[in-house]
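Undergrad: next comes the sequence, and after it the predicted model I'd like to discuss.
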Amino acid sequence: MWRIIKWLFILAILAIIAVVAYAYVGPYFGADFSPPGQEIRQDIELDVN
């Protein structure tokens, strides 16, 4: 049982390292993480008595 937990922990650490590395290296390979740059406006009517 301890071996499974140890391997899951190691795989989780490697997955975290891979995601962080992709976040830093991704833009060099064409991944764009910036949000879309358009403005959205919507009218809101409040029911105030």
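TA: It's in.

Undergrad: helices of this structure, start to end?
TA: With DSSP state H as the criterion, the chain has helices at 2-25.

Undergrad: got the contact list for residue 41?
TA: By Cβ atoms under 8 Å, 6 or more residues apart in numbering, residue 41 lies in contact with nothing. (Glycine included, C-beta is placed from N, CA and C.)

Undergrad: go ahead and confirm residue 27 touches residue 34.
TA: No: applying Cβ atoms under 8 Å as the test, residue 27 and residue 34 come out as separate, 9.2 Å apart.

Undergrad: ok, the two, which is more surrounded?
TA: Between residue 27 and residue 34, counting by other Cβ atoms under 10 Å, residue 27 is the more crowded of the two (12 against 6).

Undergrad: not counting sequence-adjacent ones, nearest residue to the more buried one?
TA: residue 33 (7.1 Å; Cβ to Cβ, 6 or more residues apart in numbering).

Undergrad: so the one you found touches residue 25, yeah?
TA: No: contact criterion Cβ under 8 Å: residue 33 and residue 25 do not qualify, at 11.6 Å.

Undergrad: what's the distance between residue 34 and residue 25?
TA: Counting by Cβ to Cβ, to the nearest Å, the separation of residue 34 from residue 25 is 16 Å.

Undergrad: swap in residue 12?
TA: Distance from residue 12 to residue 25, by Cβ to Cβ: 20 Å.

Undergrad: and for residue 9?
TA: 24 Å.

Undergrad: likewise for residue 46?
TA: 47 Å.

Undergrad: comparing the two, which residue is more hemmed in?
TA: Ranked by neighbour count (other Cβ under 10 Å), residue 46 and residue 25 place residue 25 first, with 10 against 4.
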